[in-house]
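*Asks:* need a 3D model of the following:
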Amino acid sequence: MANFTGSAVVSSYNAATGTTAGAPVVAIGKAQTSQAAPIPGTVDAFTAFMSEPAGVSKIALSFIRWASDANFVPTKPGSQRTYIAIQNLESTSIKVLVTYKDRNGNTVGSPQTLTIAGYAKGNSDPYSAGAVAAGATFGMKPGEFRYYTDGGFGAGAIITPHTDNPSAHFIAIVRANNAGASEDYNGPAVP
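*Replies:* Okay, the predicted model is just below:
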């Protein structure tokens with residue numbers, strides 16, 4: 001499934017009128033992924049997430065983490081890596097900014113700019129965005145994001161439209177992976 005991207009619109013169908021203006025629908029997405037190195041062999045991880053009825057222009061994400069290779073192993077189950085999937089709900093390409101924050105709300109590194117094609121998905125994580133490399137300046141352990149040298153924890157991200165398209169609408173889902181396990185959560189809208 002390398003280079004895979006996609007989405008779906010689920011609507012009810014009214015057979016009497018021949019339209020999709022039927023009853024409200026609730027949908028749950030389920031995902032399976034195979035995780036490879038640094039985990040020995042391949043481990044399947046299963047998770048689920050809720051559908052979203054509409055997109056928004058600002059999302060705040062808590063519990064954003066990145067464990068180093070040494071700590072992202074089955075013997076350290078509390079260490080996680082998070083990946084953010086951002087779905088463009090518009091027919092044209094949009095740009096979004098993903099800004100990583102430390103436990104005190106400080107911006108870690110520079111905001112990452114993603115260009116996402118119409119109805120397509122873009123991806124971000126603290127490592128690819130440069131927040132892991134910048135984290136040491138904020139007291140985070142080397143090679144990690146959210147894990148601090150003083151034993152504390154906490155970090156997040158905020159997704160906003162780029163100034164090129166200030167009214168862009170999107171949704172986001174975060175996958176938090178432990179070595180051999182996974183959980184998803186929907187990114188909540190913020191004013």
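
*Asks:* list the buried residues of stretch 86-101.
*Replies:* The neighbour-count check on stretch 86-101 (16 or more other CB atoms under 10 Å) flags 86-90, 94-101 as buried. In this view, the C-beta of every residue, glycine as well, is placed from N, C-alpha and C.

*Asks:* widest-spaced pair of the residues you listed?
*Replies:* Using CB to CB, these span at most 25.9 Å, a distance reached by 90 and 101.

*Asks:* from the buried residues of stretch 86-101, which is closest to residue 69?
*Replies:* Nearest to residue 69 among the buried residues of stretch 86-101: residue 100, at 19.5 Å, using CB to CB.

*Asks:* sorry, back to before: any chance of the buried residues of stretch 86-101 in TSV, plus distance to residue 79 and secondary structure?
*Replies:* Below are these laid out as TSV (distance: CB to CB, whole Å; DSSP: H, G, I helix; E, B strand; the rest coil):
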residue	distance to residue 79	secondary structure
86	24	strand
87	27	strand
88	31	strand
89	33	coil
90	36	coil
94	33	strand
95	32	strand
96	28	strand
97	27	strand
98	22	strand
99	23	strand
100	18	strand
101	20	strand
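
*Asks:* of the residues you listed, closest to residue 187?
*Replies:* For the buried residues of stretch 86-101, the nearest to residue 187 is residue 86 (8.3 Å; CB to CB).

*Asks:* hang on, the closest one packs against residue 168?
*Replies:* No - contact criterion CB atoms under 8 Å: residue 86 and residue 168 do not qualify, at 10.3 Å.

*Asks:* overlap in contacts, the two.
*Replies:* residue 96 (CB atoms under 8 Å, 6 or more residues apart in numbering).

*Asks:* please tell me how far the closest residue to residue 95 other than its chain neighbours sits from residue 59.
*Replies:* Spatially, and ignoring its direct neighbours in sequence, residue 95 is nearest to residue 162 (3.4 Å; CB to CB, 6 or more residues apart in numbering). From residue 162 across to residue 59, the span is 14 Å (CB to CB, to the nearest Å).

*Asks:* and what of residue 138?
*Replies:* According to CB to CB, residue 138 and residue 59 sit 22 Å apart.

*Asks:* those two: which is more packed in?
*Replies:* A count of neighbours by other CB atoms under 10 Å puts residue 59 above the other of residue 138 and residue 59, at 23 against 19.

*Asks:* I'm done for today, thanks for sticking with me.
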